[in-house]
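Student: here are the coordinates; sequence isn't available:
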């Protein structure tokens with residue numbers, strides 16, 4: 001397992017947890033989707049940034 005996969009799995013766990021909390025507080029599903037999509041983008045960017053080889 002490389003660092004990208006490990007980091008991205010961590011982001012997915014955080015996103016699911018935040019979506020469940022938002023759902024519990026009766027946030028509209030549209031906004032839960034928007035927030036999840038935003039966090040997936042941030043997760044991909046940071047995972048790629050931390051996994052690229054350093055020269």
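Tutor: Received, thanks. Since the structure is predicted, the reported quantities are computational estimates derived from the model, not experimental observations.
Student: show me where pLDDT drops low in the protein?
Tutor: 1, 52-55 (pLDDT under 70).
Student: Please enumerate the helices of it.
Tutor: 3-24, 29-51 (DSSP state H).
Student: Now render those helices as CSV, adding mean neighbour count.
Tutor: In this view, the C-beta of every residue, glycine as well, is placed from N, C-alpha and C. Listed next are the helices of the chain as CSV, based on neighbours: other C-beta atoms under 10 Å:
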stretch, mean neighbour count
helix 3-24, 13
helix 29-51, 13
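Student: any idea what sits nearest residue 14, other than its immediate chain neighbours?
Tutor: Spatial nearest neighbour of residue 14, chain neighbours left out: residue 39 (7.3 Å); criterion: C-beta to C-beta, 6 or more residues apart in numbering.
Student: quick one: that neighbour and residue 16 touch, right?
Tutor: No: using C-beta atoms under 8 Å as the test, residue 39 is too far from residue 16 to be in contact (10.0 Å).
Student: so who does residue 50 touch?
Tutor: Going by C-beta atoms under 8 Å, 6 or more residues apart in numbering, residue 50 touches 3, 4, 7.
Student: next one: residue 39
Tutor: When contacts are counted by C-beta under 8 Å, 6+ apart, residue 39 touches 11, 14, 15, 18.
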